[in-house]
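Q: Give me the fold of what follows.
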Amino acid sequence: MTFTFSGVLIGVAIVALVLTLCLKFTTDRAKNFFISLLQNFCGILFLFSGWVKAVDPMGTAFKMEQYFAEFQATFEGTAFDFLSGLFPIMSTYSIAFSVVMIVLEIVIGLMLVIGARPKLASWIFLFLIVFFTILTGFTYLTGYVPTTSNFFSFSEWTSYTESNMRVTDCGCFGDFLKIKPKVSFMKDVFLLLPALILIFKTKDMHQLFTRKARNIIVLTSTVGLIWYCLSNFSWDLPHMDFRPFREGVSIRDKRQLEIDAVENLPIIAMLVEHNETKEQTEVPFDVYMKNFASTYKGAYSVLEQITPEPTVKPTKLSEFVVTDSDGYDVADDILNNPDYELLVISYQVPYNVRYETLTAQDTVYAMDTIMVQGDDKPTVVKSISEIKDREVRRPIYTFDAGYLKDYAKKMAGLINDSKIPTRAILGGLDPLGTKALRNELGINMSYYEADDLLLKTMIRSNPGLILMKDGMLIRKWHKEKLPSLDELNKMTK
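A: Okay, the predicted model is just below:
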């Protein structure tokens, strides 16, 4: 089933209306029907958007890391340069920020629905909406900023180009629903109105149950939500998977459908920019081709080829690329393997590297030609001319002890005993580092590299285990929930 943003809003509005009608006609709690409707609509929207993120807090943490990196790049070299150093620090605590924001969003939604501490709930709701508006506004407005320009260089802004956006999705609904940044920004701007209304109408907000009951509901919900969020990444995988790499999905078939859908798109227009005036114009493709030599050649630069939306929307499946130590893509080998295969995914290999300086000796040889008596042909004689010393810097990799322990205690025995061919796919590690990790682990498997964002989409465990067969993703396991050897053998018979 495909969900749309308008469908979600309609669903939330219907639930809010039904709940408000029930309050109006079955209790005397609804003091003002309109205010109660706003309470329920805003509260239920926060409950829903928070829950789809609580299912996968690590996904929200990854999105925060993207924002922190972009904010750092935006503030560097500007009058706000003093702020840029904060964002790398914040990025290291992105998962904590994620859990706090998700729990706060859901709890505020719950407080609005039941009317707990209405003044406090209304102010925090307004604060969150302002915060979300800044994030989505930044995401949307970067579409006006050329990729070579800074956000604060307002004089260099051009017409809106979607490919200019620094963060292409705000993550408001996690991986459950992707909405365009402009739509998301307009949604938050719209929500500022009910947020302000609730601030000035707290006395008209309904309150369910007793004060003590409301406090107990809020407290127990907060504790339960923290546990729920932690369970979805700390010791198990998300209990619901909204990402394209789900169990039971044929990665090979869906990937090919996405690739074919994009490759077969017709070009309907060209976005061009005049080389001198920098004026941007969208030109129908047939007009562009007809007048290319007379009008556009040399005078204009092509910014973007405009195509219709593909019938199959591309996802990270289209970007499934896995390379070996020589840089060759082995994705097709994995997806077309008719036998069972295990993939050990590490989207981030935690390590430190230092360089050791060694002295190497280069031997310089002299080549002499001599004639041997009684021989018609000359003989080449090689002799050592000199020996030169040169310095060589050799990287020494030190891997995180906890990461190595996860492999040694949890992965190694299962991989070695199962006899199922296994590939380790690593993110964020160069070939020399990969070789060092292979020597450190000593596990019988092949080692490959892939984009860390791709691997983060595949599994929310570092490392995590995936069982594949004939292009189909059969099962995924968190490092804390690995199957026993008997379970794995039964599954692969």
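
Q: Measure how far the biggest helix by length in the chain is from the centre of its chain, please.
A: When the chain is parsed with DSSP state H, its longest helix is helix 118-141. With CA atoms, centre = their mean, to the nearest Å as the basis, helix 118-141 stands 22 Å off its chain's centre.

Q: contacts for it?
A: 42, 46, 67, 70, 104-105, 108, 111-112, 151, 165-170, 172, 181-182, 184-185, 187-189, 191-192, 195-196, 198-199, 202, 205, 207 (CB atoms under 8 Å, 6 or more residues apart in numbering). C-beta: built from backbone N, CA, C; applies to glycine.

Q: and if you look at stretch 344-360?
A: Contacts of stretch 344-360 (CB under 8 Å, 6+ apart): 389-400, 402-403, 411, 415, 422-429, 433, 437, 445, 452, 455-456, 458-459, 461-466.

Q: Going along the chain, name the strands of this structure.
A: Taking DSSP state E as the criterion, the chain carries its strands at 269-274, 280-284, 300-306, 340-346, 351-370, 379-399, 422-426, 446-449, 464-469, 472-477.

Q: Could you point out which of these sits nearest residue 29?
A: strand 472-477 (45.3 Å; CB to CB).

Q: Tell me what angle the closest one forms with strand 340-346.
A: 50 degrees (axes from the mean of the first three to the mean of the last three CA atoms, to 10 degrees).

Q: Can you give me the buried ones in strand 472-477?
A: 473, 474, 475, 476, 477 (16 or more other CB atoms under 10 Å).

Q: Alpha carbons only: can I get stretch 481-489 in PDB?
A: The C-alpha coordinates for stretch 481-489 follow below in PDB (Å, rounded to 0.1, in the frame of the first residue of the first chain):
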ATOM      1  CA  LYS A 481      19.900 -11.300  18.200                       C
ATOM      2  CA  LEU A 482      21.900 -13.600  16.000                       C
ATOM      3  CA  PRO A 483      20.400 -17.000  15.200                       C
ATOM      4  CA  SER A 484      21.900 -20.200  16.600                       C
ATOM      5  CA  LEU A 485      23.700 -22.500  14.200                       C
ATOM      6  CA  ASP A 486      20.800 -25.000  14.300                       C
ATOM      7  CA  GLU A 487      18.300 -22.200  13.400                       C
ATOM      8  CA  LEU A 488      20.500 -21.100  10.500                       C
ATOM      9  CA  ASN A 489      21.000 -24.600   9.200                       C
END
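
Q: Could you give me the buried positions within it?
A: 482, 483, 488.

Q: same question, stretch 86-104
A: 87, 90, 91, 94, 95, 97, 98, 99, 101, 102, 103, 104.

Q: ok now do residue 307, which residues does it touch?
A: 265, 266, 267, 268.

Q: State the distance from it to residue 192.
A: Distance from residue 307 to residue 192, counting by CB to CB, to the nearest Å: 35 Å.

Q: ok, now residue 32?
A: In terms of CB to CB, residue 32 sits 20 Å off from residue 192.

Q: swap in residue 354?
A: In terms of CB to CB, residue 354 sits 51 Å off from residue 192.

Q: neighbour-wise, which of those two wins?
A: More neighbours surround residue 192 than the other of residue 354 and residue 192, with 14 against 9 (other CB atoms under 10 Å).

Q: residues contacting that one?
A: 126, 129, 130, 133.

Q: Give me the buried entries from those residues.
A: 126, 129, 133.

Q: Of these, just say which sits nearest to residue 320.
A: Closest to residue 320, out of all of the buried ones among the contacts of residue 192 and judged by CB to CB, is residue 133, at 35.1 Å.

Q: on that earlier part again, columns distance to residue 292 and pLDDT on top of the contacts of residue 192, output as CSV?
A: What follows is the contacts of residue 192, written out as CSV (distance: CB to CB, whole Å; pLDDT from 0 to 100):
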residue, distance to residue 292, pLDDT
126, 53, 97
129, 48, 96
130, 48, 95
133, 43, 94
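
Q: May I see those arranged in TSV, with distance to residue 280 as well?
A: Below are the contacts of residue 192 laid out as TSV (distance: CB to CB, whole Å):
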residue	distance to residue 280
126	37
129	33
130	32
133	27
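
Q: Low-confidence regions, the protein specifically.
A: The chain contains residues with pLDDT under 70 at 1-2, 369-376.

Q: Mind doing that once more with 80?
A: Along the chain, segments meeting pLDDT under 80 span 1-3, 163, 358-392.

Q: Okay, domains of this structure per the record?
A: Domain ranges of the chain: 5-231, 266-306, 317-350+400-491, 355-397, per automatic domain parsing.

Q: what's the closest of those to residue 258?
A: It's domain 317-350+400-491; of these, that one is closest to residue 258 (CB to CB) at 4.4 Å.

Q: so how far is residue 60 from residue 281?
A: In terms of CB to CB, residue 281 sits 39 Å off from residue 60.

Q: Show me which of those two is the more surrounded one.
A: The neighbour count for residue 281 versus residue 60, taken as other CB under 10 Å, is higher for residue 60 (26 against 15).

Q: Contacts only, for residue 205.
A: Applying CB under 8 Å, 6+ apart, we find residue 205 in contact with 31, 35, 36, 39, 115, 118, 122, 198.

Q: among the residues you listed, which two are most distant?
A: 31 and 122 (14.8 Å).

Q: who's more crowded, these two?
A: Of the pair residue 31 and residue 122, residue 122 is the one with more neighbours under other CB under 10 Å, namely 25 against 15.

Q: hang on, the earlier thing: with distance to residue 218 as new columns, can the buried residues of stretch 481-489 be given to me in CSV?
A: Listed next are the buried residues of stretch 481-489 as CSV, based on distance: CB to CB, whole Å:
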residue, distance to residue 218
482, 37
483, 39
488, 43
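
Q: Quickly name whichever of the residues you listed is closest to residue 236.
A: Among these, residue 482 lies closest to residue 236 (CB to CB), at 11.2 Å.

Q: My guess is that closest one contacts residue 409. True?
A: No - contact criterion CB atoms under 8 Å: residue 482 and residue 409 do not qualify, at 10.2 Å.

Q: ranges for the helices of the stretch 51-200 of the chain?
A: All helices of the stretch 51-200 of the chain, identified by DSSP state H, counting those that start in this stretch, fall at 57-75, 81-84, 86-92, 94-114, 118-141, 181-200.

Q: now those helices in TSV, with distance to residue 221?
A: Formatted as TSV, the helices of the stretch 51-200 of the chain follow (distance: least, CB to CB, whole Å):
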stretch	distance to residue 221
helix 57-75	16
helix 81-84	34
helix 86-92	27
helix 94-114	6
helix 118-141	13
helix 181-200	20
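
Q: Out of those helices, which gets nearest to residue 251?
A: Of all the helices of the stretch 51-200 of the chain, helix 57-75 comes closest under CB to CB, at 18.9 Å.
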